[in-house]
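Student: The sequence isn't on hand, but the structure is:
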Ligand SMILES: [Zn+2]
């Protein structure tokens, strides 16, 4: 899948990324759409310092596709909206 990846202040690009299967306590979401909000711009320009690399576009909607071990309060194939940063899912 393609994602907007932040690398360092002022440096970001749309890249092909591989997503690991969900770990314990996580879910995998097939994103339908997402936007880039002001918080994402604050990460790009360094006002909001966060670790990198990081996929931006945390305000999106999609469908839960896969559950990690121990996830019991979410059903597969339900719509979901999210507003949280997605971290540490890029492979080195
Ligand atoms: Zn936001």
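Tutor: Okay, I see it. What you see is a predicted model; the values in this text were computed from it and never measured.
Student: where does this protein have its least confident helix or strand?
Tutor: Each helix and strand of the chain was given a mean pLDDT (mean pLDDT, DSSP states H and E); the minimum falls on strand 86-87 at a mean of 48.
Student: Could you report the separation of residue 56 from residue 69?
Tutor: Going from residue 56 to residue 69 by Cβ to Cβ, to the nearest Å gives 28 Å. For every residue, glycine as well, the C-beta is placed using N, CA and C.
Student: higher neighbour count, the two?
Tutor: residue 56 (22 against 9; other Cβ atoms under 10 Å).
Student: right, and the more buried one touches residue 4 too?
Tutor: Yes: between residue 56 and residue 4 there is a contact under Cβ atoms under 8 Å: 4.6 Å.
Student: Please identify every residue contacting each of the two.
Tutor: 12, 36, 40 (Cβ atoms under 8 Å, 6 or more residues apart in numbering).
Student: Out of the residues you listed, grab the one that's most surrounded.
Tutor: If you rank those by neighbour count (other Cβ under 10 Å), residue 40 sits at the top with 22 neighbours.
Student: My reading is that that one is in a helix; is that accurate?
Tutor: Yes: counting by DSSP: H, G, I helix; E, B strand; the rest coil, residue 40 is located in a helix.
Student: Spatially, and excluding backbone neighbours, which residue is closest to it.
Tutor: residue 56 (4.3 Å; Cβ to Cβ, 6 or more residues apart in numbering).
Student: Also residue 44?
Tutor: Nearest to residue 44 is residue 12, by Cβ to Cβ, 6+ apart, at 5.7 Å.
Student: do residue 13 as well
Tutor: The nearest residue in space to residue 13 (Cβ to Cβ, 6+ apart) is residue 5, at 6.1 Å.
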